[in-house]
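Colleague: the sequence and its predicted three-dimensional model are supplied below.
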Amino acid sequence: SIWIPDIILYNNAAQQYLNEMTTAGVVYDGNISLSMAGIFKSSCALDVRFYPFDFQNCLMKFASWAYDGTKIDIWSDSDSDDQSKYMVAKNKLIGNISISTEWTLRHVRAVKNSVIYSCCSE
C-alpha cells in the first residue's frame, strides 16, 4: 500500500471536497508520481471594466491540511509555454479545468509557496 497525501483546494467554493487519487507510480529515481482527478470549484473576483476585452486571473490554492513542506512536495509541470496538455478540445475538460464558450484559457501557471505558521513547528 502507498501513503496518500491529503491535498485539498484551500479556497474551495463548494461545501464538500471531491477528489480521488487515480494513479500512483514509482519513477526511475525512486520518487512517486501521483495523478489526481477530481472536481475543484474555486471562486474568482472578476474585473469587467474592460469587457469584452477583459482578462481574469483566478487563483487555486492547493495544499496539504496535515503535512508540511518537509513531507510533501507539490509541483506542476505547467511551467512550459506548451499548454497543449491542458487543451483537450473546446468545451471539454482541461485537466481539472472546465472550458466554457464564454471564455478562453490563455495560460496555466503554477507557483510553489511554502509557508511556516507560527503556531506549529515543522
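Modeller: Arrived safely, thanks for sending.
Colleague: so how far is residue 57 from residue 71?
Modeller: 30 Å (CB to CB, to the nearest Å). Any C-beta I mention is one placed from the backbone N, CA and C, and that applies to glycine too.
Colleague: oh, that last question was meant for residue 114, not what I typed.
Modeller: 21 Å.
Colleague: just the helices in the protein please.
Modeller: With DSSP state H as the definition, the chain shows no helices.
Colleague: least confident secondary structure element in it?
Modeller: strand 93-94 (a mean of 42; mean pLDDT, DSSP states H and E).
Colleague: what's the local residue count around residue 23?
Modeller: Residue 23 has 9 neighbours, counted by other CB atoms under 10 Å.
Colleague: beta partners for it?
Modeller: residue 35 (DSSP bridges).
Colleague: hmm, it is touching residue 2, no?
Modeller: No: using CB atoms under 8 Å, residue 23 makes no contact with residue 2, being 10.9 Å away.
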